[in-house]
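In: The sequence isn't on hand, but the structure is:
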């Protein structure tokens, strides 16, 4: 299984961090590679919400990265499942209140199947790069 995780503390309340993460329309502000995103079903950040997302793929080609919200616990946990595109990982943001703000833990998991098993090292690098973008989230949320 391919797995990546990262953790960072952000000087904002868990509710503020959750509200920002839960609305997928904010993704282009902190995630490199998100070309476009739109809410195509449900309520922003609510269980079952679906986002249609276009990402920059290998060679700069556009690829689908649509996802649905699978867990929604305001101020605590936000889970998602990628439902379109070549890789379909599950992901989760866990939020924990801390003395200096909110500890954000971002995890991604993918069980490669078929031919994807041969490119698992590339998949792991891509997933690692994705969770490492928490630094961008911190900068956005801490900048007045």
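Out: Thanks, I have it. Since this is a predicted model, take the numbers as computed values, not measurements.
In: Now do the contacts for residue 94.
Out: Applying Cβ atoms under 8 Å, 6 or more residues apart in numbering, we find residue 94 in contact with 76, 77, 104, 105, 107. Heads up, the C-betas are built off the backbone N, CA and C, glycines and all.
In: Is it in a helix, a strand, or coil?
Out: When classified by DSSP: H, G, I helix; E, B strand; the rest coil, residue 94 comes out as strand.
In: Let me know the distance separating it from residue 1.
Out: Distance check for residue 94 against residue 1: by Cβ to Cβ, to the nearest Å, it reads 19 Å.
In: And for residue 137?
Out: Note on residue 137: its distance to residue 1, by Cβ to Cβ, is 25 Å.
In: Could you list the low-pLDDT ranges of the protein?
Out: Where the chain drops to pLDDT under 70, the residues are 115-118.
In: one more time with 90
Out: Judged against pLDDT under 90, the low-scoring parts of the chain cover residues 1, 45, 57-59, 85-87, 111-126, 144.
In: Tell me where it has helices.
Out: With DSSP state H as the criterion, the chain has helices at 14-22, 27-30, 120-131, 134-142.
In: hang on, residue 75 packs against residue 12?
Out: No: taking Cβ atoms under 8 Å as the definition, residue 75 is not a contact partner of residue 12, at 11.2 Å.
In: Common neighbours of those two, please.
Out: Between them, residue 75 and residue 12 have no joint contacts when contacts are counted by Cβ under 8 Å, 6+ apart.
In: Sort out which residues of stretch 93-109 are buried, please.
Out: Within stretch 93-109, the residues that qualify as buried are 93, 94, 95, 101, 102, 103, 104, 105, 106, 107, 108, counting by 16 or more other Cβ atoms under 10 Å.
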